[in-house]
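J.: turn this into a structure:
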Amino acid sequence: MATSNRDQIAPAIALDIPLADRTETGLALPDGVQPYRIDWLNTLTIATFHALALLALMPMFFNWTAVIVAVIAARLFGLIGINIGYHRLLTHRGFKCPKWLEHAFVVVAICCAEDTPARWVAIHRRHHEKSDEQPDPHSPLASFFWGHMGWLLVKNPDLSRLGIYERYAKDVLRDPFYVALERNFWQLKILLIQINVFFFAGLAGKLLWGGSWAEAVQFALSIVIWAVFVRTVFVWHQTWAVNSVTHIWGYRNYATDEDSRNNLFIGYLAHGEGWHNNHHADQRSARHGHRWWEFDTTYLTIRLLEKLGLVSDIVQPRHMTKR
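T.: Down below sits the predicted model:
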């Protein structure tokens, strides 16, 4: 049933299509990855964020206000920054908007610490070109851990060469704004800015509510831990689950030539990003949910922005399966 022409989107006869043929040992890791060389910057960053997020379990840093702020922040930063900014706009050009709004989406995405815009786009486009084949950067067919986060912890020569930008992100780097974001430690600067924003907002809020300075500092630290570190770790795993879970478990609406799946849990959790088989079948479409139950909050947000006159030329699915 698989088709090699992704412009011809064929509806699947059944919801469960067998995986593409694989060797008994699964998919090999990308060339050059082994012997493993640790990417210390990524590894230490990921470990530090997880360690700081675990501080949320300490009673002194737990309060319901911080939890609510973190939940709201996770929804907004993940949906607006990663889903809309990095993915459906910058990578796939699923709609058009003014440059100032595009740049605003991207700044929100950088707050999620998922790499610079051009590199994120280049890696994702590389994934689509060779999905679940060599040299897909993060196919879970190599192993679930590799597809989820292992690929971030080791150096991959294919992703380090300058040619990957030239081939997969040339359009992005035509904008001087994105060239600047590749330099000068902007990810670190934006991290420090958001830490300060959440800290001083929490500090001021507690003081205005009548708390002491000691109580205000403790409250502000809890806001930072929950709204920055817990939120970031949550958004990371939400994004990583799209790379891993939705290439292993779920149903298929379309007979694509890789192993993408629509996963109900990730679909709802990640605001429509989990309808991954639909996305692979029609990559440019800004709408990932194709069936009535495939709720796509990201697409609905894009439509809302269209109603407000901020977005235009939304790319719709070329074909939708209707039951």
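
J.: could you use CA atoms for every contact and neighbour count after this?
T.: OK.

J.: what sits against the nearest residue in space to Glu215 that is not next to it in sequence?
T.: In space, Glu215 comes closest to Lys206 once its chain neighbours are excluded; the distance is 7.4 Å by C-alpha to C-alpha, 6 or more residues apart in numbering. Contacts of Lys206 were listed using C-alpha atoms under 8 Å, 6 or more residues apart in numbering, and they are Ser212, Glu215, Ala216, Phe219, Ala220.

J.: run a quick neighbour tally on the first one.
T.: Looking back up the chat, that one is Ser212. Using other C-alpha atoms under 10 Å, Ser212 has 13 other residues around it.

J.: and it, how far from Gln218?
T.: 10 Å (C-alpha to C-alpha, to the nearest Å).

J.: what element comes up after the helix or strand where Glu166 lies heading to the C-terminus?
T.: Using DSSP states H and E, Glu166 sits within helix 163-168. Downstream of helix 163-168, the next assigned helix or strand under DSSP H and E is helix 176-181.

J.: can you list the buried residues in that next one?
T.: Buried residues in helix 176-181, counted by 16 or more other C-alpha atoms under 10 Å: Tyr178, Leu181.

J.: who's in contact with Leu44?
T.: Leu44 neighbours (C-alpha under 8 Å, 6+ apart): none.

J.: next, it: phi, psi?
T.: Phi and psi for Leu44, reported as degrees, to the nearest 10, are phi -70, psi -40.

J.: A helix includes the residue nearest to Glu215, no?
T.: Yes. According to DSSP: H, G, I helix; E, B strand; the rest coil, Lys206 belongs to a helix.

J.: show me where pLDDT drops low in the stretch 51-200 of the chain?
T.: For the stretch 51-200 of the chain, no stretch is flagged by pLDDT under 70.

J.: which residues does Ala227 contact?
T.: Contacts of Ala227 by C-alpha under 8 Å, 6+ apart are Ala66, Val67, Val69, Ala70, Val71, Ala73, Ala74, Phe198.

J.: let's see that with 6 Å instead.
T.: Counting by C-alpha atoms under 6 Å, 6 or more residues apart in numbering, Ala227 makes contact with Ala70.

J.: and the gap between it and Ala201?
T.: 11 Å.

J.: just the pLDDT for the most centrally placed residue in the chain.
T.: In the chain, the residue lying closest to the centroid (C-alpha atoms, centre = their mean) is Thr239, at 3.9 Å. Reading off the confidence values, Thr239 has pLDDT 98.

J.: which helix or which strand is home to it?
T.: helix 231-244.

J.: and the closest residue to His124 other than its chain neighbours, how many neighbours?
T.: The spatially closest residue to His124, leaving aside those adjacent along the chain, is Thr91, at 7.4 Å (C-alpha to C-alpha, 6+ apart). Neighbour count of Thr91, defined by other C-alpha under 10 Å: 24.

J.: let's number from 44 now, not from 1
T.: In the new numbering, first residue 44, that becomes Thr134.

J.: for Thr134, what are phi and psi?
T.: According to degrees, to the nearest 10, Thr134 has phi -80, psi -50.

J.: just checking, it touches Ala165?
T.: No. Counting by C-alpha atoms under 6 Å, Thr134 stays clear of Ala165, with 8.0 Å between them.

J.: what ranges does the stretch 244-366 of the chain have for its strands?
T.: Taking DSSP state E, counting those that start in this stretch, the stretch 244-366 of the chain contains no strands at all.

J.: one step back: count the residues that sit near the nearest residue to the residue nearest to the centre of the chain once chain neighbours are set aside.
T.: Nearest residue to Thr282, sequence neighbours excluded (C-alpha to C-alpha, 6+ apart): Ala313, at 7.6 Å. For Ala313, the count of nearby residues is 23 (other C-alpha under 10 Å).

J.: cool, and Met101?
T.: 9.

J.: just Phe187 next, same as before
T.: Residues near Phe187, counting by other C-alpha under 10 Å: 18.

J.: what do you get for Phe228?
T.: Counted with other C-alpha under 10 Å, Phe228 comes out at 11.

J.: now the one 3 residues further on
T.: Leu231 has 12 neighbouring residues, counting by other C-alpha under 10 Å.

J.: what of Ser265?
T.: When neighbours are counted by other C-alpha under 10 Å, Ser265 registers 26.

J.: is it true that it touches Phe104?
T.: Yes. Using C-alpha under 6 Å, Ser265 is in contact with Phe104, at 4.6 Å.
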